[in-house]
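[1] Below: sequence and its predicted model.
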Amino acid sequence: MSTVLDPKVIDKAMSLASPFIDGTGKFNVRALCEALTLTRKDLATATNKNPQWFQEYWNGSFKKPTDNTVHQTIEQLLLIYVLLASICKEEGQTKLWMRLPNPAFDNKTPASLIVGGQLDMVRDTLIGLVTGGSPA
């Protein structure tokens, strides 16, 4: 059975993602990380790269990551941002959620889980919230 998404939901998601991805699949990595309160060092740790590797992605321009692991991580971070922004009404709330200890995560912050390699836990929690789960 396939799920048909409401076009309004798709439009909203695309609108939320638009500051971070262009029509050709290039990302503004720095802006996305800043929206999620992640530093270049955080992203480097999460992807097992040296922070210097991200230098060319940190100038605010749109680029497509050349490393597959980095590309997949950036896609997942974009999904996390879109999910979180669809729940929170203000950007400040998204940043606060990322940095506050959360009982659903054993009082760890979502940002620290992402840096520690548990991006999927944060993503799955947000998917649960968007689809009607209990708040984290």
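    That came through, no problem.
[2] Regarding the residue nearest the centre of the chain, what is its secondary structure?
    Nearest residue to the geometric centre of the chain (CA atoms, centre = their mean): residue 77, 2.4 Å. Of the three states, residue 77 takes helix under DSSP: H, G, I helix; E, B strand; the rest coil.
[3] how close does it sit to residue 109?
    15 Å (CB to CB, to the nearest Å). Just so you know, the C-beta spots here come from the backbone N, C-alpha and C atoms, and that holds for glycine as well.
[4] Which parts of the chain are helices?
    Taking DSSP state H as the test, the helices found in the chain are 7-17, 29-35, 40-47, 68-87, 91-99, 110-115, 119-130.
[5] Show me what counts as buried in the longest one.
    In other words, helix 68-87. 70, 73-74, 76-86 (16 or more other CB atoms under 10 Å).
[6] Turn the residues you listed into JSON lines, including distance to residue 124 and pLDDT.
    Formatted as JSON lines, the entries for the buried residues of helix 68-87 read as follows, by distance: CB to CB, whole Å; pLDDT from 0 to 100:
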{"residue": "70", "distance to residue 124": "21", "pLDDT": "95"}
{"residue": "73", "distance to residue 124": "15", "pLDDT": "96"}
{"residue": "74", "distance to residue 124": "18", "pLDDT": "96"}
{"residue": "76", "distance to residue 124": "11", "pLDDT": "94"}
{"residue": "77", "distance to residue 124": "14", "pLDDT": "96"}
{"residue": "78", "distance to residue 124": "16", "pLDDT": "94"}
{"residue": "79", "distance to residue 124": "11", "pLDDT": "92"}
{"residue": "80", "distance to residue 124": "10", "pLDDT": "94"}
{"residue": "81", "distance to residue 124": "15", "pLDDT": "93"}
{"residue": "82", "distance to residue 124": "14", "pLDDT": "92"}
{"residue": "83", "distance to residue 124": "10", "pLDDT": "91"}
{"residue": "84", "distance to residue 124": "13", "pLDDT": "92"}
{"residue": "85", "distance to residue 124": "17", "pLDDT": "90"}
{"residue": "86", "distance to residue 124": "15", "pLDDT": "88"}
